[in-house]
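Chemist: got a sequence here, can you build the structure:
(one chain, ligands or ions: 2)
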Amino acid sequence: MAKPLSILFVSSEVIPFAKTGGLADVSAALPQVVRELGHDIRIIMPKYAAVSDRKFKIHDIKRLTDMPIQVGEKTFLGSVKSSFLTNIKTKVQVYFISNEQLYCRSDLYVDPKTKESWPDNDDRFMFFSRGVIETLIRLGWKPDIIHLNDWQSGLIAALLKTEYADEPLFKNTKVVFTVHNAAYQGVFPKESFVKTGLPAKTFKMDGVEFHGQVNLMKAGLMYADAITTVSPTYAKEVRSSKDFGYGLEEVFKKKARKTYGILNGMDETLWNPEVDKLITKTYSAETIEDKQANKKALCDHFKLPYDPKVPVIGIVSRLADQKGFDLIEEKLEDLMKMDLQLVVLGSGEKKYEDLFTKAAKKFKKKIGAHIGFDEGLAHLIEAGADMFLMPSKYEPCGLNQMYSLRYGTLPIVRSTGGLADTVEDLNAKPKTGTGFVFEKYQAKQMLDAVKRAVSAFADEKIWTAAMKRAMAKDYSWGASAEKYIELYKNLLKKK
Ligand code: ADP
Ligand code: GLC
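Modeler: Numbers count the residues shown, from 1 in each chain. Ligands and ions are numbered 1, 2, ... in the order given. Predicted structure coming up:
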């Protein structure tokens, strides 16, 4: 094998330590596969309150305690701790940057009381970004690649190309910036610019300035050596219009030649109905009838009547506008007139939490809702539901539709981003279809797709064949991890 690469993977969330969405799944799974392929990849993330020393066997790194880190006029002390991410095949080192004042809170990004971002998120993630660079310098570790993810680490790209441009340690280091969601950009008022510590000349259109404010995602996009998005379709969408680029579409356009769409994978060690410990009964395509035990358990969980002939539609999601809940709201009454049941697991915006809580009270025998975050229930829904609904307005990749395919739970999705790249419509392609796809972001189109799903469900032969095709799809990380490695290697060839 050619010389192994050294890679620092920087993320604001990683399972099992901290998670709000798919970023956490990706940030654990991709590094593990890259490690399996023989490379020295390590992860770095903030040490939030939920990251328990005892539970995760985290220990201090003595020479990395109380590092002074300057954020504007304030100096915060950061200490680095370490642990490992382990699965049956491999072990990846994880560094945690800690500071009690900044990270010991009940939620990662948002104050649960107000549902607004923490007011000092600029301090929190600017501290993190500088902390990452200082950690490398103190460790004397020279990664070939620093792989950044989303706005929380975007500043690192800008710092490396300015303040640290002459730092010998990073002379040959290349920076990759992955966009998981262009709608969340880390935008702060212009007063926050001094906190970045960046030279004044970077506060301009060609730098980190965005309509007079500081934009940390833009910092990542402008200064990284390569950009990736989490699906090929999303790479095209973000430069196509404001609906996807959220004001950064011109930047995406400008950087098109440096941008690569690489589809996320799924962690087969966690999401596999043949070995899943969190479901009632494991099953495979050969023992597909055992899926029923999960459907029964799911109905019992939500106190819904169980009937094998009535399709159960599952939803597991952040309850955010992105995910298309306004379409469901618009057609809820029509959906309830149909012979189906709906189970929802999610948390987020209050209007959607209220929508499903009220609906579950009103349609006791047809809707089950659990507002909150529950890993076990998420698995049971994937295993027990017949269909999985993701009518997203946009979806950079989406992991749940891939999990659903693997569990033989046919996805009903809008054709956008990673949903378009992973689900084939059964009506359009009866021989290869694995789900139900609608084009326009319109409630009627969504309802029609649900109707098509319900009518296909009534034909057992058609349905079982589609389930088996879905379960045979391979969306594991192998191929995508190879693409990242190829990208890393190509960058390192460039001067
Ligand atoms: P996003 O990252 O936009 O939220 P993804 O589909 O990429 O969407 O990933 C969502 C991940 O978060 C999946 O692993 C999903 O199972 C999980 N998830 C979302 N909401 C919940 C919840 N309320 N309880 C448990 N898991 C959840
Ligand atoms: C983001 C996106 C989601 C994607 C995930 C992981 O949260 O909303 O579509 O799957 O990141 O990349």
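
Chemist: biggest helix in the chain, by residue count?
Modeler: What stands out as the longest helix in the chain, according to DSSP state H, is helix 121-139.

Chemist: and it, what's its mean pLDDT?
Modeler: If you average the pLDDT over helix 121-139, you get 98.

Chemist: again, but for stretch 177-191
Modeler: Rounded mean pLDDT across stretch 177-191 is 98.

Chemist: quick one: end-to-end distance for it.
Modeler: End-to-end span of stretch 177-191 (C-alpha to C-alpha, to the nearest Å): 25 Å.

Chemist: residues of that stretch that come out buried?
Modeler: 177-188 (16 or more other C-beta atoms under 10 Å). Heads up, the C-betas are built off the backbone N, CA and C, glycines and all.

Chemist: likewise for stretch 315-335?
Modeler: Buried, per 16+ other C-beta under 10 Å, within stretch 315-335: 315-317, 319-320, 322-328, 331-332, 335.

Chemist: between the two ends of it, how far is it?
Modeler: End-to-end distance of stretch 315-335 (C-alpha to C-alpha): 14 Å.

Chemist: equivalent analysis for stretch 142-162, please.
Modeler: Stretch 142-162: ends 18 Å apart by C-alpha to C-alpha.

Chemist: past the longest helix of the chain, which element shows up next along the chain?
Modeler: Downstream of helix 121-139, the first helix or strand assigned by DSSP states H and E is strand 145-149.

Chemist: do that following strand and ligand 1 meet?
Modeler: No: against ligand 1, strand 145-149 shows no contacts by C-beta under 6 Å from any ligand atom, the least distance being 11.7 Å.

Chemist: quick one, phi/psi of residue 265?
Modeler: Backbone geometry at residue 265, expressed as degrees, to the nearest 10, gives phi -110, psi -180.

Chemist: would you confirm that it contacts residue 32?
Modeler: No: taking C-beta atoms under 8 Å as the definition, residue 265 is not a contact partner of residue 32, at 10.7 Å.

Chemist: residues contacting stretch 21-34, please?
Modeler: The contact list for stretch 21-34, computed with C-beta atoms under 8 Å, 6 or more residues apart in numbering, reads 7, 9, 11-16, 18-19, 41-43, 45, 85, 87, 89-90, 92, 149-150, 180-181, 230, 264-267, 270, 318, 397-399, 477-478, 480-481, 484-485.

Chemist: what sits against whatever residue of the stretch 51-200 of the chain ends up closest to ligand 2?
Modeler: Ligand 2 sits closest to residue 180 of the stretch 51-200 of the chain, with a gap of 3.3 Å, by C-beta to the nearest ligand atom. Neighbouring residues of residue 180 by C-beta under 8 Å, 6+ apart: 22-23, 26, 149-150, 230, 396-397.

Chemist: residue 278 contacts residue 374, doesn't it?
Modeler: No: judged on C-beta under 8 Å, residue 278 makes no contact with residue 374 at a distance of 10.0 Å.

Chemist: now do residue 8 against residue 243, distance only.
Modeler: 33 Å (C-beta to C-beta, to the nearest Å).

Chemist: for the stretch 301-450 of the chain, which residues are neighbours of ligand 2?
Modeler: Residues of the stretch 301-450 of the chain lying close to ligand 2 by C-beta under 6 Å from any ligand atom are 395-399, 418.

Chemist: how about the strands in the stretch 1-150 of the chain?
Modeler: Under the criterion DSSP state E, counting those that start in this stretch, the stretch 1-150 of the chain contains strands at 6-10, 40-46, 59-60, 67-71, 74-86, 91-98, 110-111, 116-117, 145-149.

Chemist: now these in JSON lines, with mean pLDDT, mean neighbour count and distance to ligand 2?
Modeler: Shown next, in JSON lines, are the strands of the stretch 1-150 of the chain (pLDDT from 0 to 100; neighbours: other C-beta atoms under 10 Å; distance: least, C-beta to the nearest ligand atom, whole Å):
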{"stretch": "strand 6-10", "mean pLDDT": "98", "mean neighbour count": "24", "distance to ligand 2": "13"}
{"stretch": "strand 40-46", "mean pLDDT": "98", "mean neighbour count": "23", "distance to ligand 2": "15"}
{"stretch": "strand 59-60", "mean pLDDT": "96", "mean neighbour count": "12", "distance to ligand 2": "29"}
{"stretch": "strand 67-71", "mean pLDDT": "97", "mean neighbour count": "17", "distance to ligand 2": "26"}
{"stretch": "strand 74-86", "mean pLDDT": "97", "mean neighbour count": "17", "distance to ligand 2": "17"}
{"stretch": "strand 91-98", "mean pLDDT": "98", "mean neighbour count": "21", "distance to ligand 2": "18"}
{"stretch": "strand 110-111", "mean pLDDT": "94", "mean neighbour count": "14", "distance to ligand 2": "14"}
{"stretch": "strand 116-117", "mean pLDDT": "94", "mean neighbour count": "14", "distance to ligand 2": "16"}
{"stretch": "strand 145-149", "mean pLDDT": "98", "mean neighbour count": "27", "distance to ligand 2": "8"}
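
Chemist: and for the closest residue to residue 28 other than its chain neighbours, the neighbour number?
Modeler: Nearest residue to residue 28, sequence neighbours excluded (C-beta to C-beta, 6 or more residues apart in numbering): residue 15, at 4.7 Å. By other C-beta atoms under 10 Å, 17 other residues sit near residue 15.

Chemist: and the contacts of stretch 21-34, which of them are in helices?
Modeler: Mapping these onto helices (DSSP H) picks out 478, 480-481, 484-485.

Chemist: apply the buried test to those residues and list what passes.
Modeler: Neighbour counting over the ones in helices among the contacts of stretch 21-34 (16+ other C-beta under 10 Å) leaves 480-481, 484-485 as the buried ones.

Chemist: give me the below-cutoff pLDDT ranges for the protein.
Modeler: 1 (pLDDT under 70).

Chemist: now residue 240, what are its backbone angles?
Modeler: phi -90, psi -40.

Chemist: go on, the one 5 residues further on?
Modeler: For residue 245, the backbone dihedrals are phi -90, psi -10 (criterion: degrees, to the nearest 10).

Chemist: mind putting the strands of the stretch 1-150 of the chain in CSV, distance to residue 462 included?
Modeler: Converted to CSV, the strands of the stretch 1-150 of the chain look like this (distance: least, C-beta to C-beta, whole Å):
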stretch, distance to residue 462
strand 6-10, 43
strand 40-46, 44
strand 59-60, 55
strand 67-71, 59
strand 74-86, 41
strand 91-98, 43
strand 110-111, 43
strand 116-117, 47
strand 145-149, 40
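
Chemist: could you confirm residue 163 falls within a strand?
Modeler: No: read with DSSP: H, G, I helix; E, B strand; the rest coil, residue 163 is coil and lies in no strand.

Chemist: could you measure from the closest residue to it other than its chain neighbours over to residue 150?
Modeler: Using C-beta to C-beta, 6+ apart and skipping residues adjacent in sequence, the residue nearest residue 163 is residue 197, 6.4 Å away. According to C-beta to C-beta, residue 197 stands 20 Å off from residue 150.

Chemist: do residue 300 as well
Modeler: For residue 300, the distance to residue 150 - C-beta to C-beta - is 38 Å.

Chemist: what's the answer for residue 5, then?
Modeler: Distance of residue 5 to residue 150, given as C-beta to C-beta: 22 Å.

Chemist: now swap in residue 112 and tell me
Modeler: Here residue 112 is placed at a distance of 21 Å from residue 150 (C-beta to C-beta).

Chemist: who has more neighbours out of those two?
Modeler: The neighbour comparison of residue 112 against residue 150 (other C-beta under 10 Å) goes to residue 150, with 25 against 10.

Chemist: give me every residue that touches the more buried one.
Modeler: Contacts here follow C-beta under 8 Å, 6+ apart; on that basis residue 150 touches 11-12, 23, 178-181, 184, 217, 220.
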